[in-house]
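> predicted model and sequence follow; I will ask about them next.
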Amino acid sequence: MINGALPPPWDIETWLNVHDDVPPTLESLRGSVVVVHAFQMLCPGCVSHGLPQAKAIHESFPPGRVQVIGLHTVFEHHAAMGEVALRAFLHEYRIRFPVGIDRPAPSGNPIPLTMQAWGLQGTPSLVIMDARGGVRLHHFGRLDDLRAGAVIGQLLAEADAMAP
């Protein structure tokens, strides 16, 4: 994705951890900095670094200013990572932010639809969007906590400068 470009809508099969049964949309999140963590529950890098980072971001910033969204995007070991297993995983790891299950490709392609549309290379991946919804960071692999925090801080300052 090009820096500042609006991403295509995500294609979610099921939402978990949503409040009031209203799933988030990219449009509904505008006005907040949005951090999307793409993961698989059997991905070692996701479990050891990506999810703890997303959880820390979720717990460290005011919910109206920074929204964390999980994207469970399974491209391998499909049978082992279904919705029932994911629900147990989120409960055990105390993941409280919304998590969308990326819709599998109907063609038999192992790469789910949002993962394809967003050009994600694998998991963990971190996508950070500004308050207007533009992608400002698109990163595959481990990202240092300080760099992630710096990007979020910069985007919050930009949003404050644009506020009336």
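Received, thanks.
> what helix or strand is the residue nearest in space to the middle of the chain on?
Centroid-nearest residue in the chain, with Cα atoms, centre = their mean: residue 36, separated by 2.1 Å. Using DSSP states H and E, residue 36 falls within strand 33-39.
> measure the residue nearest to the centre of the chain to residue 79 for me?
Per Cβ to Cβ, to the nearest Å, residue 36 is found 25 Å from residue 79. For the C-beta atoms, the positions are set from N, CA and C on the backbone; glycine is no exception.
> ok, residue 25 next?
30 Å.
> those two: who's more crowded?
Shown here are residue 25 and residue 79; by other Cβ atoms under 10 Å, residue 25 has more neighbours (11 against 7).
> and the more buried one, what does it touch?
Neighbouring residues of residue 25 by Cβ atoms under 8 Å, 6 or more residues apart in numbering: residue 9.
> rerun at 7 Å
For residue 25, no residue meets the contact criterion (Cβ atoms under 7 Å, 6 or more residues apart in numbering).
> circling back: surely the residue nearest to the centre of the chain and residue 127 touch.
Yes. Here residue 36 reaches residue 127: they are 4.3 Å apart, a contact under Cβ atoms under 7 Å.
> how far does the strand holding residue 36 sit from its chain's centre?
3 Å (Cα atoms, centre = their mean, to the nearest Å).
> direction included, what does it pair up with?
Applying DSSP bridges, strand 33-39 is found paired with strand 66-72 (parallel), strand 125-129 (antiparallel).
> would you turn those into JSON lines with mean neighbour count?
Formatted as JSON lines, the strands paired with strand 33-39 follow (neighbours: other Cβ atoms under 10 Å):
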{"stretch": "strand 66-72", "mean neighbour count": "24"}
{"stretch": "strand 125-129", "mean neighbour count": "24"}
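> just the strands in the protein please.
In chain order, the chain shows strands spanning 12-16, 33-39, 66-72, 99-102, 125-129, 135-140, with DSSP state E as the criterion.
> so which of those gets nearest residue 5?
Minimum separation from residue 5 across the strands of the chain (Cβ to Cβ) falls at strand 135-140, 5.8 Å.
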